[in-house]
Structures are given as structure tokens and as C-alpha cells.
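1. I'll drop the sequence and a predicted model, then ask my questions.
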Amino acid sequence: MSDMDIPQIYLVTPPNFELTGFGAQLAAVLDAYPIACLRLALACRDEDDLARAADHLREIAHARDIPLVMSEHIKLVERLGLDGVHLSDAARSVRHARKTLGDDAIVGSFCNGS
């Protein structure tokens with residue numbers, strides 16, 4: 001079995017958290033366990049709040065060579081230099097995301113158990 005066939009841990013942030021406290025906890029987890037990817041999945045839709053959280057988490061994740069993806073916000077992913085996006089619309093926007101973000105970006109999608 002190659003390394004690509006082995007299941008890996010994919011972390012999703014809580015929908016709400018305080019940056020300072022969460023950042024320290026996240027760093028400890030990322031240092032303790034082999035994490036393949038981190039997804040920022042905040043419940044808020046305020047772009048400034050999302051950007052602040054993404055900037056903070058990107059520094060923590062990238063310092064450990066862990067990609068950071070964001071739920072839903074393709075334009076913010078591109079603007080903030082994140083590694084990709086996770087979509088919840090059952091793959092309807094995957095083609096658009098791939099075209100917008102390029103071939104090297106991570107593009108994930110909720111596929112309703114398929």
C-alpha cells in the first residue's frame with residue numbers, strides 16, 4: 001500500500017472560535033499528530049473576520065507544511081493565497097473552482113455520501 005492509499009486526518013475548525021486561544025491549541029495538535037489538511041469552516045460570513053482567521057491559521061498550518069483550505073469562499077481563497085476550497089453544493093461548483101483557482105489548488109466537495 002502506497003502512502004497515498006493510507007487514510008489521513010483532515011481537520012475542520014469549529015464554527016466559532018477565539019483566534020488567540022484556538023491558534024495555540026491548533027498548533028499543539030498539528031505538532032502532535034500527522035494532519036494532512038486543515039479546513040477553515042467558520043459560521044460567520046463577514047469577509048474581514050474570515051480573512052483574519054485565515055491569515056492566522058495559514059501561518060500556523062504552513063509553518064508545518066499543512067495545506068489550509070476554506071469552506072465556500074473561492075474569491076477569498078484566491079485573494080488570501082490559501083491552498084484550496086471546500087464546497088458544500090454537491091459538486092456543482094467544482095468546475096468553476098478548478099478554473100478559478102488552477103490545477104494545483106485543492107478543490108473538495110460535499111458529495112452526499114457518494
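-> Structure received. Residues are numbered from 1 along each chain as shown.

2. partners of the longest strand along the chain in the sheet?
-> Across the chain, the longest stretch assigned as strand under DSSP state E is strand 35-40. Sheet pairing of strand 35-40 (DSSP bridges) gives strand 9-12 (parallel), strand 68-71 (parallel).

3. Pick the most deeply packed of those strands.
-> Across those, averaging neighbours per residue (mean count of other CB atoms under 10 Å) puts strand 68-71 on top, at a mean of 23. Backbone N, C-alpha and C define where each C-beta goes, glycine included.

4. for the record, mean pLDDT for that one?
-> In this model, strand 68-71 carries a mean pLDDT of 95.

5. Which strands or helices does the next helix or strand after it pack on?
-> Downstream of strand 68-71, the first helix or strand assigned by DSSP states H and E is helix 74-80. If you count contacts as 3 or more CB pairs under 8 Å, 6 or more residues apart in numbering; DSSP states H and E, helix 74-80 packs onto helix 47-62, strand 68-71, strand 84-87, helix 94-101.

6. Turn the ones you listed into a markdown table, including distance to Leu19.
-> Formatted as a markdown table, the helices and strands packed on helix 74-80 follow (distance: least, CB to CB, whole Å):
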| stretch | distance to Leu19 |
| --- | --- |
| helix 47-62 | 5 |
| strand 68-71 | 14 |
| strand 84-87 | 20 |
| helix 94-101 | 25 |
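
7. Kindly calculate the angle that the longest strand of the chain makes with helix 47-62.
-> Strand 35-40 and helix 47-62 are oriented at 170 degrees to each other (axes from the mean of the first three to the mean of the last three CA atoms, to 10 degrees).
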